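# predicted coordinates and the sequence they were generated for:
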Amino acid sequence: MADTDIHYIERCLDGHPDDFRYLVRRYQTALLAYLAGQLHNKEKAEDSAQETLVRAYFNLSKLKKQKSFFSWLLGIAGHVIKEQQRDRQRQTQIARSLAENKPSAGRTHDYPLARTIAQLPDSHRELILLRYYSGLSCAQIGRQLDMPLGTVTKTLSRAYSRLRELLKPQQSQQDCEVQK
Amino acid sequence: MNCQDCKEHLIEYIEELLEGQQARAIASHLADCPTCRTEAARMTDLRKRLIQNGQAFAETDLENAVFDQIVRSQHLKLKEIRKTNRQFNLWRIIMKSRITKFATAAAVILIAVLGITFLEESTQTAYAIEQTIQASHTVRYLHIKDFKEGMEEPKEFWLEFDAKGSVENIRAFMPEWESPSDGAKVVIWRKGKAKVWFKKKKSLVTIRDKRFADEMLKTVQLFDPKLALQIFLEWEKHGLVTIEIDEPSKKTEPIAVTSTNSSKVKEIGYRVDRTVILIDQATKLITAIEHYHLIENGDYELLGWTEFYDYNQQIDPTMFVLEGLPSDVMQIDQTTQEIGLVQGNMTDKEIAVEVVRQFYQAVIAKDYAKAGQLLEGLPDDRMKEMFEELNVIRIVSIGEPVPHPIPGVGGFRVPCKLEIEEDGIKSIYEPYGPGVRRVHGQPHRWDIHGGVK
């Protein structure tokens, strides 16, 4: 998997921009979920994800470790978020109240979960995004991040615990609201 | 098993990574221990929530929007370069160490974007360049090795040109690094048709797709010494590069033509910053082309290089046929084998949808022979390799076919959604969208030519 990231990055750098499609397809969902968690709004997240990917394309030659493409992408997304937040501090409040919904079943976007993932430490966040939003198996993640499978599962386990801790206050708040 | 052991392996259990014995031990502990059971239920709930949220976000597709924006930005940036550099068209002859190289692949894109056409007779330019273009017109045979830094094995090409200088025959060796999924392969190109010997997969495929054959020709044209220098001149004319020529007084040393890309070229996403073309002083023929990337401290780092050998030394004609291959090599002739589906009374759009439906049904049933027959007649072992990891379990939907977006391809692109399962997790997968079109030479039949993953 990681080899193919490198393969497609090399192809792009050799003047085959069409091959960037493979990288977009592979990481767009994870990137979008991360940005939605930070920006609390799907449309803004989509715009920012697009901006992040385009910036990534034009800066591929600056990427030192091609194997770390996804973490690098999240780094660019971080800059895009900061710029977005500077531009529209007031709007965020409105967007939050409009777009943020309680977690629910089915295909609606679970913003509280996305926001909580965005708060995780980098290593935990990357793993959760690759596993559940990019659809990589634990073994594939291990190969991509140069980690033994045991380390992947241990880190995933810690990421679960941390995620649950962070979700707890939200859960109690929702429970209170239900009781009211 | 105690609670501590159970907790330690719970994530692996939930992710279905444990073997039978271990999985049973955990299951049995969970049956007996309400505390661990509650813990497992909470983790499973969270996992379910993560998967559902992943599926919800997966419904958004940014691919085309991102790609369109990249292409638009490249156009705008190139226009800007042309505007600001229109007047800059000076030749400088400087005695200087050679430092650059030629962006071959990138050149293709730029030629397309700028609408450059090659002139049969090049304009009067620097002495060495003009002479080299003329000398290259007499070349009938050539052997080329194309190296990439860090890769031991080069790509290799043996070329035969006709009397007018057009490519007549090609033999190409592509190492595994060039396309890891195919493995190393030998391609023979002759009169617009290509045969590919996939060495690892032990198959020899006569390719029906004209685009593949055309792409092979385009790749080789980038190494054609006549065109290499013309591209160079065209770039210079558009202000994309500045050129320096170093002609050493010592006749045994090569002439070095150095082209440095304008900083704007970098902005459009290419990493080659300098190209050096080395030319033999006696024959005026190119001996090597080197490609460099500018690194932070102002130094240039070598990315790859191309070496030119055996000008006009006749290549054995058997090099341009693939015969005497090992007996276990499977031969597939896509030009004669019946592939795809018969259209019958179906409309063009109906047959496109039907081909896609039958293709994924075959993939789900793991009937790789049938799937391959619908995908350009690919051998079933190749299909198996392509689809083994992607465990398709259901066709969710097949959408309305749309005209294929890539000019010249023809037929339709058929958007579709599949349900896949990996490590026990089901998710929705959207392939790029299979491209379906009439089979070349068998117009009553339709098949898929790509976009299935």
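Cool, the structure landed.

# so where's chain A uncertain?
A:1-3, A:88-107, A:170-180 (pLDDT under 70).

# try it again with 80
Along chain A, the model assigns pLDDT under 80 to residues A:1-4, A:14-18, A:85-108, A:169-180.

# point me to the residue of it nearest chain B.
The minimum distance from chain A to chain B, using Cβ to the nearest Cβ, falls at A:G15 (3.5 Å). (Each C-beta comes from the backbone N, C-alpha and C, glycine too.)

# show me the residue at the heart of the chain, geometrically.
Using chain A here. Geometric centre of chain A, nearest residue: A:Y34, 3.2 Å, by Cα atoms, centre = their mean.

# sorry, I should have been clearer: chain B.
Note: chain B centre (Cα atoms, centre = their mean) maps to B:S179, 7.5 Å.

# name the nearest residue to that residue, sequence neighbours excluded.
Nearest non-adjacent residue to B:S179, counting by Cβ to Cβ, 6 or more residues apart in numbering or on different chains: B:K185, 7.6 Å away.

# with B:K426 instead?
Per Cβ to Cβ, 6+ apart, closest to B:K426 is B:E419, 5.9 Å.

# give me the element the one you found is part of.
strand B:416-422 (DSSP states H and E).

# in its sheet, what does that strand sit against?
Strand B:416-422 pairs in its sheet with strand B:392-398 (antiparallel), strand B:425-429 (antiparallel), by DSSP bridges.

# ok so, going back, distance of the residue nearest to B:S179 from B:I133?
Distance, B:K185 to B:I133, by Cβ to Cβ, to the nearest Å: 32 Å.

# with A:L163 instead?
A:L163 is 64 Å from B:I133, by Cβ to Cβ.

# what number of residues lie near B:V187?
Residues near B:V187, counting by other Cβ atoms under 10 Å in any protein chain shown, number 21.

# for the nearest residue to it once chain neighbours are set aside, give me its contacts.
Excluding its sequence neighbours, the residue lying closest to B:V187 (Cβ to Cβ, 6+ apart) is B:A172, at 4.4 Å. With contact set as Cβ atoms under 8 Å, 6 or more residues apart in numbering or on different chains, B:A172 has these partners: B:K155, B:E156, B:F157, B:W158, B:V186, B:V187, B:I188, B:W189, B:M216, B:T219, B:V220.

# could you export the residues you listed to CSV, including columns for secondary structure and pLDDT?
Shown next, in CSV, are the contacts of B:A172 (DSSP: H, G, I helix; E, B strand; the rest coil; pLDDT from 0 to 100):
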residue, secondary structure, pLDDT
B:K155, strand, 93
B:E156, strand, 94
B:F157, strand, 93
B:W158, strand, 94
B:V186, strand, 92
B:V187, strand, 91
B:I188, strand, 91
B:W189, strand, 90
B:M216, helix, 79
B:T219, helix, 78
B:V220, helix, 82
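
# what number of residues lie near the closest residue to B:V321 other than its chain neighbours?
Counting by Cβ to Cβ, 6+ apart, B:V321 lies nearest to B:I188, which is 6.7 Å off, once chain neighbours are set aside. Burial measure for B:I188: 21 neighbouring residues, criterion other Cβ under 10 Å.

# how close does B:I188 sit to A:K67?
35 Å.

# same thing with B:N297?
For B:N297, the distance to A:K67 (Cβ to Cβ) stands at 24 Å.

# for B:R274, same thing?
B:R274 sits 27 Å away from A:K67, taking Cβ to Cβ as the criterion.

# so these two - more neighbours on which side?
Neighbour comparison, B:R274 and A:K67: the larger count goes to B:R274, with 24 against 18 (by other Cβ under 10 Å).

# residues contacting stretch B:280-287, please?
The contact list for stretch B:280-287 (Cβ under 8 Å, 6+ apart) reads B:128, B:131-132, B:134-136, B:139, B:225, B:228-229, B:247-248, B:251-255, B:277-279, B:307-308, B:311.

# over to stretch B:438-453?
So stretch B:438-453 is contacted by B:208-210, B:335, B:338-343, B:351-352, B:355-356, B:359, B:374-377, B:386-387, B:390, B:409-411, B:413, B:431-437 (Cβ under 8 Å, 6+ apart).

# list the buried residues in stretch A:10-27.
Within stretch A:10-27, the residues that count as buried by 16 or more other Cβ atoms under 10 Å in any protein chain shown are A:10-15, A:17, A:19-27.

# distance between the ends of that stretch?
End-to-end span of stretch A:10-27 (Cα to Cα, to the nearest Å): 17 Å.

# same check, this time on stretch B:234-252
Start to finish, the residues bounding stretch B:234-252 are 29 Å apart (Cα to Cα).

# now the longest helix anywhere in chain B against strand B:416-422, angle please.
Of all the elements of type helix in chain B, the one with the most residues (DSSP state H) is helix B:34-58. Helix B:34-58 and strand B:416-422 are oriented at 150 degrees to each other (axes from the mean of the first three to the mean of the last three Cα atoms, to 10 degrees).

# now helix B:34-58: average pLDDT?
Mean per-residue pLDDT for helix B:34-58: 90.

# and if you look at stretch B:309-321?
Averaged across stretch B:309-321, pLDDT comes to 90.

# which parts of it are buried?
Within stretch B:309-321, the residues scored as buried using 16+ other Cβ under 10 Å are B:Y311, B:I315, B:F320.

# and of those residues, the nearest to B:N53?
Ranked by distance to B:N53 (Cβ to Cβ), these are led by B:F320 at 56.1 Å.

# ok so, going back, quick one: buried ones out of the contacts of stretch B:438-453?
B:208-209, B:335, B:339-341, B:343, B:351-352, B:355-356, B:359, B:374-377, B:386-387, B:409, B:411, B:413, B:431, B:433-437.

# so which of the residues you listed are in helices?
B:I351, B:A352, B:V355, B:V356, B:F359, B:L374, B:M386, B:F387.

# nearest to chain A, of those residues?
B:M386 (13.1 Å).

# spatially nearest residue to the closest one, not counting backbone neighbours?
B:K453 (6.7 Å).
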